Structures are given as structure tokens and as C-alpha cells.
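Peer 1: Predicted model and sequence below, questions to follow.
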Amino acid sequence: QVLVKAGAIVVAAEPAVPKLPSDYDALKKKGLVRKPANIVCSISDDRGAEATYAGVPISEVAKDELGVGGAISLLWFRRRLPPY
């Protein structure tokens, strides 16, 4: 307080609070978003809440412990290969 009265410190105004990003669904209802950003290719589908490989959700790939070989079989051959 003493330094402020002496003029050694100048009190700056508080900056405006930044606007937080809205939820995607709220933006879609307001018409601010045209379409969702989905990536669909011949080997995977990123639409929805979870990516799928050959129709198999990525969580099932992890849960069934398919490993890297199982994931590659779904991506390249579009089916599960038998265990060797």
C-alpha cells in the first residue's frame, strides 16, 4: 500500500475472463458447428464414441488381449486371424 501511494507501483486493471469452449452438443444445437470431425477409411472407422477396426471396437481389442498382431490382422486383413 505504501508503494502504491508513493507511485512506485501502478495497479493494473484485471483482464477479462476468457470464454471457455462449449460442449460439442451445445455448439451443434446453436448451429455453430456444421458436422462432426469423423475419419472413415478402408481400415478403421473413427465415427462414434470409439474407434473400430474391421467393426471391432478398440476396447474389445484391448480387453481380448489381441496384442499388436491382432490389431494388425484387423487393420490389414479386416478379420481376426487364428492364434498361431
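Peer 2: Great, that's in hand.
Peer 1: going forward, measure contacts between C-alpha atoms and count neighbours the same way
Peer 2: Noted.
Peer 1: Now for Val33, how many residues are close by?
Peer 2: Using other Cα atoms under 10 Å, the number of residues around Val33 comes to 13.
Peer 1: Following the chain onward from the least confident helix or strand in the chain by mean pLDDT, which element is next?
Peer 2: Lowest mean confidence among the helices and strands of the chain (mean pLDDT, DSSP states H and E): strand 44-45, at a mean of 70. Beyond strand 44-45 on the C-terminal side, the first helix or strand identified by DSSP states H and E is strand 52-53.
Peer 1: and that next one, what does it pack onto?
Peer 2: Judged by 3 or more Cα pairs under 8 Å, 6 or more residues apart in numbering; DSSP states H and E, the packing partners of strand 52-53 are strand 44-45.
Peer 1: Okay, the residue nearest the centre of the chain and Asp23: tell me how far apart.
Peer 2: When Cα atoms, centre = their mean is applied to the chain, the residue found nearest the centroid is Ala49 (9.5 Å). Using Cα to Cα, to the nearest Å, one gets 15 Å for the distance from Ala49 to Asp23.
Peer 1: can you check Ile72 too?
Peer 2: Ile72 is 34 Å from Asp23, by Cα to Cα.
Peer 1: how about low-confidence regions in the chain?
Peer 2: Along the chain, segments meeting pLDDT under 70 span 36-43, 45, 84.
Peer 1: Tell me which residues of the helix or strand containing Ala62 come out buried.
Peer 2: Using DSSP H and E, Ala62 maps to helix 58-63. Neighbour-count burial for helix 58-63 flags Ile58, Val61 (criterion: 16 or more other Cα atoms under 10 Å).
Peer 1: Show me what that helix packs onto, helices and strands only.
Peer 2: Counting by 3+ Cα pairs under 8 Å, 6+ apart, the packing neighbours recorded for helix 58-63 are helix 67-72.
Peer 1: CA atoms only for the helix it packs on, dumped as PDB, please.
Peer 2: Output of helix 67-72 as PDB, limited to C-alpha atoms (Å, rounded to 0.1, in the frame of the first residue of the first chain):
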ATOM      1  CA  GLY A  67      -2.000 -57.500 -29.000                       C
ATOM      2  CA  VAL A  68      -0.200 -55.900 -31.800                       C
ATOM      3  CA  GLY A  69      -0.600 -58.900 -34.100                       C
ATOM      4  CA  GLY A  70      -4.300 -59.000 -33.500                       C
ATOM      5  CA  ALA A  71      -4.700 -55.300 -34.200                       C
ATOM      6  CA  ILE A  72      -2.700 -55.600 -37.400                       C
END
